[in-house]
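Peer 1: Model the structure of this input:
(one chain, ligands or ions: 1)
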Amino acid sequence: MTEMSLYTPELPARPATELPFADFLRAVRTNALGMWPQAAYEQDVLERRMPGRTQFLLNAPDAIHHVLVSNPGNYRRSRASVRILRPITGNGLLLSEGEEWRHQRRTIVPTLVPRMIPMLCGHIAGAAQAGIARLAEQPGPVDLLAEMQFLALEIAGRSMFSMQTDAYGSEMRAQMQRFAMRNAQPHLLDMLLPVWMPSPRDFGRALFRRRWMGLMARIVAARIEAVHEGAPRDLFDALMAARDPETGTAFSRTELRDQVATMILAGHETTATTLFWSLTLLAAVPEEQQRVAEEVQGVDLSPAGAADSLKHLARTRAVVSEALRLYPPAFVIVREAIGADRCGDLVIPAGSVVMISPWVLHRHRRLWPSPDSFDPRRFLPDAPPPPRFAYLPFGAGPRICVGAQFAMAEATLVLARMIQAFQIERTDKRPVLPVAIVTTQPDHPPGFRLQRRH
Ligand code: HEM
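Peer 2: Take a look at the predicted model:
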């Protein structure tokens with residue numbers, strides 16, 4: 001494939017220069033991808049004055065390394081992230097800080113190490129098989145966004161609780177939907193007020209939190225009753241058995257509830273959108289879809305064989321990696337500087353907002369050739385690795401995503417299974433534009449036609 005013949009999907013408009021404050025705020029609320037001017041994709045650091053504080057967007061590898069890896073203790077999650085995510089994740093790993101975070105991280109990491117991946121692959125493959133059977137029965141156009149959201153929540157539920165989602169899946173889906181529609185959009189005061197002072201949206205969020213955590217507590221209680229001896233069947237068994245390697249402490253019932261809620265939130269929508277974008281890209285580039293189809297032909301993707309087959313899916317995995325580059329679900333990693341800091345010539349005052357945006361980094365002119373074009377060859381095993389800190393779909397440093405290997409296994413296996421079963425085409429040519437509020441979603445759910453492969 002020459003550079004000229006690469007497929008370049010449509011992009012949301014990029015402002016030519018820095019947006020006035022009111023337009024900037026509108027972009028944060030409606031589509032954060034439109035908040036960075038063209039210069040963001042060309043420079044090392046972009047600085048913006050906000051009322052009462054300065055905001056930095058970092059693209060330079062040394063600056064990113066400094067904030068995420070060498071001095072992470074000086075940077076905490078932003079107020080808006082805490083307000084928006086706390087109702088759904090409680091005090092789980094995502095939002096905890098300091099010693100509490102260290103205890104949780106030490107305890108959780110062993111539950112998601114590579115030796116757990118085969119058990120998780122069994123759940124992924126089982127749910128994918130059921131999903132394919134459901135899709136094969138649907139006549140006419142299919143909404144693959146909704147289908148992938150359904151499937152990813154099913155996988156999250158099965159991996160977490162084995163078959164227990166049957167009882168709770170629809171309530172979980174309805175509550176998540178309500179949260180996304182009513183509670184997730186940031187408000188100006190979410191960013192300005194200290195976390196202990198409620199913003200206007202926090203009242204609705206508190207109501208949501210009560211209902212959602214009630215549901216999580218019911219699921220956890222049911223699982224604690226159903227005691228199980230022997231090898232863990234799912235993540236819940238692993239979390240129940242987990243002990244802090246330094247103190248020997250187990251998670252309390254409330255901690256278990258919050259970790260379960262955190263993993264469901266952090267894991268399901270992110271993987272669903274990765275799958276949606278991967279399928280959309282393959283529908284747009286039939287030759288690439290054909291290459292994936294050739295790779296997956298005859299590969300054993302059953303619950304028993306899926307884990308072993310992962311090593312034969314290099315092209316499929318490269319498509320997933322490229323979809324994560326072009327449409328990173330976590331489009332921005334935001335931190336607030338606790339104390340003043342310095343990195344080379346860059347002075348970061350206390351209280352500044354520091355942003356590292358996978359969306360911007362992954363499309364940066366100096367870091368990638370043809371940055372806006374779809375080219376999975378960048379991620380084939382023999383390709384040179386991306387420049388340092390240029391590719392961060394899962395973050396970096398001590399707070400790097402704990403579910404990254406699980407997510408990659410899930411997206412690769414489901415994509416492989418979908419292409420093994422179906423030839424996928426769009427039903428129309430309307431461009432699909434990414435919109436980022438909590439994750440990077442499409443602006444509308446396009447229709448797809450699925451034809452069974454023989
Ligand atoms: C494609 C799918 C996924 C993407 C793109 C993704 C992305 C990320 C990113 C960028 C971070 C770091 C945030 C930061 O530094 O502020 C993160 C953290 C986290 N992710 Fe994921 N994630 C994915 C799937 C998952 C899955 C499947 C799970 C759970 C099983 C998970 C659980 C978590 C947790 C608990 C954290 C917080 C870690 C900490 O603060 O120590 N993620 N994720």
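
Peer 1: I'd like to check which residues are in contact with residue 420.
Peer 2: Contact analysis of residue 420 by Cβ atoms under 8 Å, 6 or more residues apart in numbering lists 293, 296, 297, 299, 301, 453. Placement of C-beta: from N, CA and C, glycine included.

Peer 1: can you check residue 419 too?
Peer 2: 282, 289, 292, 293, 296, 316.

Peer 1: Between the residues you listed, which sits nearest residue 434?
Peer 2: The nearest member of those to residue 434, counting by Cβ to Cβ, is residue 282 at 16.5 Å.

Peer 1: Would you tell me what the next helix or strand after the one helix or strand that closest one maps to is?
Peer 2: Using DSSP states H and E, residue 282 falls within helix 253-284. Next in sequence after helix 253-284, counting helices and strands by DSSP H and E, comes helix 286-296.

Peer 1: all strands of this protein, in order?
Peer 2: 45-50, 53-58, 75-77, 142-143, 333-337, 341-343, 346-348, 353-356, 422-426, 434-436, 440-442, 447-452 (DSSP state E).

Peer 1: So in that sheet, which strands flank the first one, and in what orientation?
Peer 2: Right, strand 45-50. strand 53-58 (antiparallel) (DSSP bridges).

Peer 1: Is the partner strand positioned near the ligand?
Peer 2: No. Counting by Cβ under 6 Å from any ligand atom, the ligand is not contacted by strand 53-58; separation bottoms out at 13.1 Å.

Peer 1: how deep is whatever residue of the stretch 151-300 of the chain ends up closest to the ligand tucked in, by neighbour count?
Peer 2: The minimum distance from the stretch 151-300 of the chain to the ligand, using Cβ to the nearest ligand atom, falls at residue 267 (2.9 Å). When neighbours are defined as other Cβ atoms under 10 Å, residue 267 has 23 of them.

Peer 1: Please apply the same query to residue 349.
Peer 2: 12.

Peer 1: List the residues that contact the residue nearest to it when sequence neighbours are not counted.
Peer 2: Closest residue to residue 349 apart from its sequence neighbours, by Cβ to Cβ, 6 or more residues apart in numbering: residue 340 at 5.5 Å. Residue 340 sits next to 347, 348, 349, 350 when contact means Cβ under 8 Å, 6+ apart.

Peer 1: As TSV, these with pLDDT would be great.
Peer 2: Formatted as TSV, the contacts of residue 340 follow (pLDDT from 0 to 100):
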residue	pLDDT
347	95
348	96
349	95
350	95
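
Peer 1: nearest to residue 389, of those residues?
Peer 2: The nearest one, if we look at these relative to residue 389 and count by Cβ to Cβ, is residue 348, at 17.1 Å.

Peer 1: Now for the closest residue to that closest one other than its chain neighbours, how many residues are close by?
Peer 2: Leaving out its chain neighbours, the residue that sits closest to residue 348 by Cβ to Cβ, 6+ apart is residue 341, at 4.4 Å. Neighbourhood size, residue 341 [other Cβ under 10 Å]: 18.

Peer 1: do the same with residue 206
Peer 2: By the criterion of other Cβ under 10 Å, residue 206 has 13 neighbours.

Peer 1: I'd like the distance between it and residue 83.
Peer 2: 10 Å (Cβ to Cβ, to the nearest Å).

Peer 1: Over to residue 314?
Peer 2: 41 Å.

Peer 1: what about the two, which has more around it?
Peer 2: Neighbours per residue (other Cβ under 10 Å) separate residue 314 from residue 83, with residue 83 holding more: 22 against 15.

Peer 1: ok, that one - contacts?
Peer 2: 186, 190, 195, 199, 201, 202, 205.

Peer 1: List the contacts of the residue in the stretch 301-450 of the chain that the ligand sits nearest to.
Peer 2: Using Cβ to the nearest ligand atom, the single residue of the stretch 301-450 of the chain nearest to the ligand is residue 403, 2.2 Å away. When contacts are counted by Cβ under 8 Å, 6+ apart, residue 403 touches 112, 263, 266, 267.

Peer 1: switch to 10 Å and redo it
Peer 2: 108, 112, 120, 156, 159, 235, 262-263, 266-267, 270-271, 394, 409-410 (Cβ atoms under 10 Å, 6 or more residues apart in numbering).

Peer 1: How much space separates it from residue 271?
Peer 2: From residue 403 to residue 271 the distance is 9 Å (Cβ to Cβ).

Peer 1: Just give the closest residue to residue 272, not the sequence neighbours.
Peer 2: Residue 272 sits nearest to residue 152 (Cβ to Cβ, 6+ apart), 3.7 Å away.

Peer 1: on that earlier part again, I'd guessed the residue nearest to residue 348 sits against residue 351; true?
Peer 2: No. Judged on Cβ atoms under 10 Å, residue 341 makes no contact with residue 351 at a distance of 11.1 Å.

Peer 1: wouldn't residue 318 be in contact with residue 375 here?
Peer 2: Yes. In this structure, residue 318 is within contact of residue 375 by Cβ under 10 Å, at 9.4 Å.

Peer 1: Now the phi/psi pair for the residue nearest to residue 349, please.
Peer 2: phi -70, psi 150 (degrees, to the nearest 10).

Peer 1: and the most centrally placed residue in the chain, what does it touch?
Peer 2: With distances taken as Cα atoms, centre = their mean, the residue of the chain nearest its centroid is residue 270 (3.1 Å). Shown in contact with residue 270 (Cβ under 10 Å, 6+ apart): 152, 324, 328-330, 393-394, 401, 403, 407, 411, 438-440.

Peer 1: can you do 6 Å?
Peer 2: Going by Cβ atoms under 6 Å, 6 or more residues apart in numbering, residue 270 touches 329, 439.

Peer 1: how far away is it from residue 411?
Peer 2: Distance from residue 270 to residue 411, by Cβ to Cβ: 9 Å.

Peer 1: in the stretch 1-150 of the chain, which ranges drop under the pLDDT threshold?
Peer 2: Counting by pLDDT under 70, the stretch 1-150 of the chain contains low-confidence residues at 1-4.

Peer 1: Tell me how far the nearest residue to residue 249 once chain neighbours are set aside lies from residue 223.
Peer 2: Ranked by Cβ to Cβ, 6+ apart and with sequence neighbours excluded, the top spatial neighbour of residue 249 is residue 243, at 6.7 Å. Separation of residue 243 from residue 223 (Cβ to Cβ): 18 Å.

Peer 1: Of the two, which one has the most company?
Peer 2: More crowded of residue 243 and residue 223, by other Cβ under 10 Å: residue 223, with 21 against 13.

Peer 1: The spatially closest residue to residue 69 that is not a sequence neighbour - how many residues pack around it?
Peer 2: Closest residue to residue 69 apart from its sequence neighbours, by Cβ to Cβ, 6+ apart: residue 397 at 4.0 Å. Residue 397: 17 surrounding residues under other Cβ under 10 Å.

Peer 1: Residue 354 now?
Peer 2: If you count neighbours by other Cβ under 10 Å, residue 354 ends up with 26.
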